[in-house]
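Undergrad: build the 3D model from these lines:
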Amino acid sequence: QYDEYEHRMRHHGVSRKQFSNLISSIESVCSLNDTKATSNELPDQWTCSKIKYIGFSKIIYPIIY
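TA: Here you go, the predicted model:
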């Protein structure tokens, strides 16, 4: 049974460590954004969903598909 890495990333030359680091980085950015969510943010600041969209569609999506 293949995991997500084996299923989508390995054949693109992305190492398991690179894949893990990318996911961890995106999670860290989102958690930082969640921490700031209770403060007074400017309307033009990125939300976690925008970061996820940019992270996954611009970085991972082209690699996967």
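
Undergrad: for the biggest helix by length in the chain, list every residue counted as buried.
TA: For the chain, the longest helix by residue count, based on DSSP state H, is helix 16-36. Within helix 16-36, the residues that count as buried by 16 or more other C-beta atoms under 10 Å are Phe19, Leu22, Ile26, Val29, Cys30, Asn33. C-beta: built from backbone N, CA, C; applies to glycine.

Undergrad: can you redo those as a markdown table with distance to Asp3 and pLDDT?
TA: A markdown table is the format used below for these (distance: C-beta to C-beta, whole Å; pLDDT from 0 to 100):
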| residue | distance to Asp3 | pLDDT |
| --- | --- | --- |
| Phe19 | 10 | 78 |
| Leu22 | 15 | 81 |
| Ile26 | 18 | 78 |
| Val29 | 23 | 75 |
| Cys30 | 21 | 72 |
| Asn33 | 27 | 59 |
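
Undergrad: which one of those residues sits closest to His7?
TA: Phe19 (11.2 Å; C-beta to C-beta).

Undergrad: the closest one touches Met9, doesn't it?
TA: Yes: between Phe19 and Met9 there is a contact under C-beta atoms under 8 Å: 5.0 Å.

Undergrad: what's the separation between Cys30 and Ser24?
TA: Taking C-beta to C-beta, to the nearest Å as the measure, Cys30 falls 11 Å from Ser24.
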